[in-house]
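*Asks:* Provided below are the primary sequence and the corresponding predicted coordinates.
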Amino acid sequence: MSADVAANLETILHAIRRAERAAQRPEGVTTLVAVSKTFDADEIRPALDAGQRVFGENRVQEAQGKWPGLREAYQGVELHLIGPLQSNKAADAVALFDVIHTIDRPKIARAVAAEIEAQGRAPKLFVQVNTGEEEQKAGVAPRDVDGFLKSCREEFGLTVDGLMCIPPFDDPPAPHFALLQKHARRNGLQKLSMGMSADFADAIPFGATHVRVGSAIFGTRPKP
């Protein structure tokens with residue numbers, strides 16, 4: 001297991017660098033977020049031992065169960081929340097995560113803003129955009145991005161660092177990545193969280209600064 005994870009991690013990092021070169025982007029501009037959701041601490045350690053320090057989790061409670069101990073053992077971990085955030089978990093999320101990718105509605109923006117003020121801790125924030133306008137998927141509709149970003153900044157006092165998207169499973173991802181890049185540029189945002197195991201190389205030419213890769217590193221996810 002540990003050898004496989006280390007080898008997979010190296011393969012993905014090389015693929016990211018190749019995609020950066022092909023897109024004529026600076027080497028190292030794209031951060032690999034290793035998605036460790038559903039994997040336990042023992043399954044994550046091989047990636048940490050191999051030098052990976054940026055990880056993504058979907059659920060606050062699950063992350064609380066494994067990351068405090070791992071952070072004690074490994075210095076420099078940066079933890080990203082990439083799954084939906086509920087307002088009653090905002091306090092825990094602000095306390096635990098360094099980056100939150102899923103600000104997607106006023107209720108969440110308000111809750112996170114209140115916790116940032118209360119805790120004096122400010123994780124970096126991404127607004128999730130539902131580029132495919134899928135009913136079952138979280139995120140701000142493309143037509144509402146500008147207004148929501150304005151509310152985040154002016155009404156809630158949040159500093160938004162970038163945008164995030166998850167393209168529809170059956171759609172070619174490139175148009176969705178292009179759309180997210182267009183919204184980011186128009187709103188003066190430098191960070192783009194887009195691209196997963198199957199399509200991260202396609203996201204890099206469109207300016208991805210964070211790619212979220214799990215199964216290609218850790219293997220098939222355990223069944224719930």
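*Replies:* Here it is on my side, so go on.
*Asks:* CA-only coordinates of the lengthiest helix in the chain in CSV, if you can.
*Replies:* Assignment by DSSP state H gives helix 2-22 as the longest helix of the chain. C-alpha atoms of helix 2-22 as CSV (Å, rounded to 0.1, in the frame of the first residue of the first chain):
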residue,chain,number,x,y,z
SER,A,2,2.7,2.6,1.0
ALA,A,3,4.8,1.9,-2.1
ASP,A,4,1.7,2.1,-4.3
VAL,A,5,0.6,5.5,-2.8
ALA,A,6,4.1,6.9,-3.1
ALA,A,7,4.5,5.8,-6.7
ASN,A,8,1.0,7.0,-7.6
LEU,A,9,1.8,10.4,-6.0
GLU,A,10,5.0,10.7,-8.0
THR,A,11,3.1,9.8,-11.2
ILE,A,12,0.5,12.5,-10.6
LEU,A,13,3.1,15.2,-9.7
HIS,A,14,5.0,14.4,-12.9
ALA,A,15,1.7,14.6,-14.9
ILE,A,16,0.9,18.0,-13.4
ARG,A,17,4.4,19.3,-14.3
ARG,A,18,4.1,18.0,-17.9
ALA,A,19,0.7,19.7,-18.2
GLU,A,20,2.1,23.0,-16.9
ARG,A,21,5.0,22.8,-19.4
ALA,A,22,2.6,22.0,-22.3
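*Asks:* now that helix, how far from the chain's geometric center?
*Replies:* Relative to its parent chain, helix 2-22 has a centroid offset of 18 Å by Cα atoms, centre = their mean, to the nearest Å.
*Asks:* Check which element follows it along the chain.
*Replies:* Later in the chain than helix 2-22, the nearest helix or strand by DSSP states H and E is strand 31-35.
*Asks:* which residues of the protein fall in strands?
*Replies:* 31-35, 54-57, 78-81, 99-103, 124-128, 162-164, 191-193, 210-213 (DSSP state E).
*Asks:* Generate JSON lines for those strands, with mean pLDDT and distance to K66 as supplementary columns.
*Replies:* Glycine gets a C-beta too; all of them are placed from N, C-alpha and C. Converted to JSON lines, the strands of the chain look like this (pLDDT from 0 to 100; distance: least, Cβ to Cβ, whole Å):
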{"stretch": "strand 31-35", "mean pLDDT": "98", "distance to K66": "14"}
{"stretch": "strand 54-57", "mean pLDDT": "98", "distance to K66": "9"}
{"stretch": "strand 78-81", "mean pLDDT": "98", "distance to K66": "10"}
{"stretch": "strand 99-103", "mean pLDDT": "98", "distance to K66": "18"}
{"stretch": "strand 124-128", "mean pLDDT": "98", "distance to K66": "22"}
{"stretch": "strand 162-164", "mean pLDDT": "98", "distance to K66": "23"}
{"stretch": "strand 191-193", "mean pLDDT": "98", "distance to K66": "22"}
{"stretch": "strand 210-213", "mean pLDDT": "98", "distance to K66": "18"}
